[in-house]
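In: Generate a structure from the sequence data that follows.
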Amino acid sequence: MIRGIIYFYRPAYIRTIVYMLQSSEYQVGPYLKWYWRTSDFSKVERRGQLTKTRAAKMLVYFLDLAVLITIALGLTFIYIGVKRESAGAWPFGLALIIAYPVLWAHLIVLPIIFGRAFLVKPKNFRKLKGAEKIFAEHQGLKIAIAGSYGKTSMKELLSAVLSEGKKVASTPANKNVPVSHAIFARSLTGDEDILIIEYGEGAPGDVRRFSLVTHPTHAVITGLAPAHLDKYKTLKAAGDDILSVTKFVPEDHVYINQESPELKDYIKKSFNTYNSSGALGWKTSNVKITFDQTNFTIKNGNDSIELHSGLIGRHHLGALVFAAALALEFGLSKDEVARGIAKTTPFEHRMQPYELNGAWVIDDTYNGNIEGIKAGTELLSELPAKRKVYVTPGLVDQGKQKKSVHIELGKLIAKAHPDLVVLMHNSVCKYIQEGLETAKFGGKVIIEKDPLSFYTGLKNFVAAGDLIVLQNDWPDQYK
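Out: Now for the predicted structure:
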C-alpha cells in the first residue's frame, strides 16, 4: 500500500499514465476505467512498456511540465498562506501538491479529446477523401478481407501466391484501420494488378465505412466468432457489420469460409464458399501435417497439384486451397501457384512454430477468439509428443459471453488431452477451470500469477520431446 502511494510521486508515474493511455489506444473511457481499478501503479507495466512515439513523447513532456507548474503553484499558495496568514491559501496549496497525480491523470484526457475533435478528425477526414479517390480510380482488382479472425493470415497467403504471377500490393502487417488504408493508398503506383486490403472491424459500421473508402471488387470473409463484443454487444451485430462488405461487390465475387459455423446463416447460393475439403471446384487430398509444414494435393478433374506450405495446422487447409484455386482462376499457372504456396509461412505470433531445448513451441499468442482456440487445441491433439502442454490467459473483449466462452474454452482444452495446462491468473481463469472440471479433465493444472516471468523463462520450463502450445495474450489493461 505504502509502496503504491510513494509511486504516485515518482517520475515513473507519468510514464505509466501515458503507457495506460497508449495501451488503451487513447480511448478515454477504457483508460479511465483501467485507472480507477488500479490499486498499485508500480505494477501496471508488467507485460509491455511505453512505446516512445511522437504522441507519447509529447504527452510525457506536457505532463512533466504540468506537474512542475502545479507543484510551484501549490508552494506559492502555501507561502502566501503562511506569510500573509491566509487561512484558505495554504490548505489549497497543500491539496494541489498532494492531489496532482490524480488531478493530472484526469486532466490529461482534455487535450486528447480536443486534439481528436479539432486536429485528428479533420486531418483524417482529408486523408480518407484522398484515399477514396485513389481507390475509386485504381483499375486493379481490390480484394477486401473481413472477419473476426484469420484476416492477416489470409492476406499474407493471398499476397504470397498471387504475387507469383501478378503485381500485388497489400496493407502491411495488421494495419487495418482507416488511417492505415489512407497511408496504403498513397503508397500505390497505380499499375498494380491486385490490391489486398484487410478490414479491422472494431465497432458497428466499421466495415461499411471501410468499403465506402476502398471500393472493393471482391470480398473474402474468413470467419465469425465472439470478438470486440464490448462494442458490438452481440455476435449478430458483429456478423451484420462484417458481412456488410458483400453489398459493395458482385455476389459471385464473395468468398466465405464454410467452416465458420456462425457464418452459416449469411451464406447465399450465389456466394462462393471454401473449406478444408476444397474451393472453386478443386478438391483436397493426401493431407499430412508436421511440426513445421502442411502438405496436400488439390485436384480438379484430371488436373492435380502437390502443394507444400510452411503454415501448420489443419485449420489452414481451407485458406490454402482457396488461395491456390483463386490464383488459378485469376490466370496463374500451376507452377506459379505451387511456388507461391511454398513461400507461405506463419505470421508472427500466429501458429508460429520454433524449437526450444529439443521441444516444439507453437506461438499463437496474438489476441484471438474461440475459433483460434479450436484450431490450437486440435493441432495439439494431432501432433505427437512425449509431453503436451497447453498455455493460455484466456480471451479478451468477450462482453456478456465472457463466462460461456471461457467454459467452452476449458472443454476444448480437455478434449485435446494435454498432460499439463497452464492458466494465467486473471478474471476469466475460474471459468476456464469450470470448463475443465465439467469435461472431467484428468491432467495437471497450474495457475501462473506472474505471466511475464513464465513466458520469459519458458526455456527453463520445457524439456526435449515436449509440445507446448501458447495461445492468446492478455494486455495490461485487462484485469
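
In: mind listing the helices for the stretch 301-450 of the chain?
Out: 317-329, 334-342, 370-382, 402-416, 429-438 (DSSP state H, counting those that start in this stretch).

In: Tabulate these (a markdown table), appending distance to residue 456.
Out: Backbone N, C-alpha and C define where each C-beta goes, glycine included. Listed next are the helices of the stretch 301-450 of the chain as a markdown table, based on distance: least, Cβ to Cβ, whole Å:
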| stretch | distance to residue 456 |
| --- | --- |
| helix 317-329 | 32 |
| helix 334-342 | 34 |
| helix 370-382 | 21 |
| helix 402-416 | 23 |
| helix 429-438 | 20 |
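
In: Spell out which residues make up each domain of this structure.
Out: Following automatic domain parsing, one finds the domains of the chain at 2-107, 136-342, 352-471.

In: Any chance of JSON lines for those domains, columns mean pLDDT, distance to residue 124 and mean neighbour count?
Out: Listed next are the domains of the chain as JSON lines, based on pLDDT from 0 to 100; distance: least, Cβ to Cβ, whole Å; neighbours: other Cβ atoms under 10 Å:
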{"stretch": "domain 2-107", "mean pLDDT": "87", "distance to residue 124": "13", "mean neighbour count": "15"}
{"stretch": "domain 136-342", "mean pLDDT": "93", "distance to residue 124": "6", "mean neighbour count": "19"}
{"stretch": "domain 352-471", "mean pLDDT": "92", "distance to residue 124": "24", "mean neighbour count": "19"}
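
In: dump the residue contacts of residue 176.
Out: Counting by Cβ atoms under 8 Å, 6 or more residues apart in numbering, residue 176 makes contact with 151, 152, 198, 199, 200.

In: If you drop the residues flanking it in sequence, what lies closest to the last one?
Out: Using Cβ to Cβ, 6 or more residues apart in numbering and skipping residues adjacent in sequence, the residue nearest residue 200 is residue 176, 3.1 Å away.

In: name the element that neighbour belongs to?
Out: Applying DSSP states H and E as the criterion places residue 176 outside every helix and strand.

In: same question, the one 4 residues further on
Out: Per DSSP H and E: residue 180 is located in helix 178-187.

In: Could you do residue 13 as well?
Out: Per DSSP H and E: helix 11-23 holds residue 13.

In: Distance from the chain centre to that helix, please.
Out: Centroid separation for helix 11-23 versus its chain: 22 Å, with Cα atoms, centre = their mean, to the nearest Å.

In: After that helix, which helix or strand is next?
Out: helix 28-37.

In: Distance from the chain centre to that following helix, please.
Out: Distance of helix 28-37 from its chain centroid, counting by Cα atoms, centre = their mean, is 20 Å.

In: tell me what it is packed against?
Out: helix 11-23, helix 109-115 (3 or more Cβ pairs under 8 Å, 6 or more residues apart in numbering; DSSP states H and E).

In: Looking at those helices, which is nearest to residue 163?
Out: In terms of Cβ to Cβ, the element of these nearest to residue 163 is helix 11-23, at 34.1 Å.

In: Export only the CA atoms of the closest one, formatted as PDB.
Out: Below are the C-alpha coordinates for helix 11-23, written out as PDB (Å, rounded to 0.1, in the frame of the first residue of the first chain):
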ATOM      1  CA  PRO A  11       8.800  10.400 -12.200                       C
ATOM      2  CA  ALA A  12       8.000   6.900 -13.500                       C
ATOM      3  CA  TYR A  13       4.300   7.500 -12.600                       C
ATOM      4  CA  ILE A  14       4.000  10.000 -15.500                       C
ATOM      5  CA  ARG A  15       5.300   7.400 -18.000                       C
ATOM      6  CA  THR A  16       2.900   4.800 -16.500                       C
ATOM      7  CA  ILE A  17      -0.100   7.200 -17.100                       C
ATOM      8  CA  VAL A  18       1.000   7.700 -20.700                       C
ATOM      9  CA  TYR A  19       1.500   4.000 -21.200                       C
ATOM     10  CA  MET A  20      -2.000   3.400 -20.000                       C
ATOM     11  CA  LEU A  21      -3.300   5.900 -22.500                       C
ATOM     12  CA  GLN A  22      -1.300   4.400 -25.300                       C
ATOM     13  CA  SER A  23      -2.300   0.800 -24.400                       C
END
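
In: Can you show me the helices along the stretch 51-200 of the chain?
Out: Using DSSP H, counting those that start in this stretch, helices in the stretch 51-200 of the chain cover 54-83, 89-107, 109-115, 121-137, 151-162, 178-187.

In: I'd like those helices as a markdown table, with distance to residue 37 appended.
Out: Output for these, formatted as a markdown table (distance: least, Cβ to Cβ, whole Å):
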| stretch | distance to residue 37 |
| --- | --- |
| helix 54-83 | 21 |
| helix 89-107 | 13 |
| helix 109-115 | 16 |
| helix 121-137 | 29 |
| helix 151-162 | 31 |
| helix 178-187 | 30 |
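
In: Among the ones you listed, which comes closest to residue 425?
Out: helix 89-107 (26.3 Å).

In: If I take the closest one and helix 54-83, what angle do their directions form?
Out: Helix 89-107 and helix 54-83 meet at an angle of 170 degrees, taking axes from the mean of the first three to the mean of the last three Cα atoms, to 10 degrees as the criterion.

In: Could you shift the numbering so residue one becomes 121, and keep it that way?
Out: Got it, the first residue is 121 from now on, which makes the last one we talked about helix 209-227.

In: chain center to helix 209-227, what's the gap?
Out: On Cα atoms, centre = their mean, the centre of helix 209-227 falls 38 Å from that of its chain.

In: Give me the packing partners of it, helices and strands only.
Out: helix 131-143, helix 174-203.
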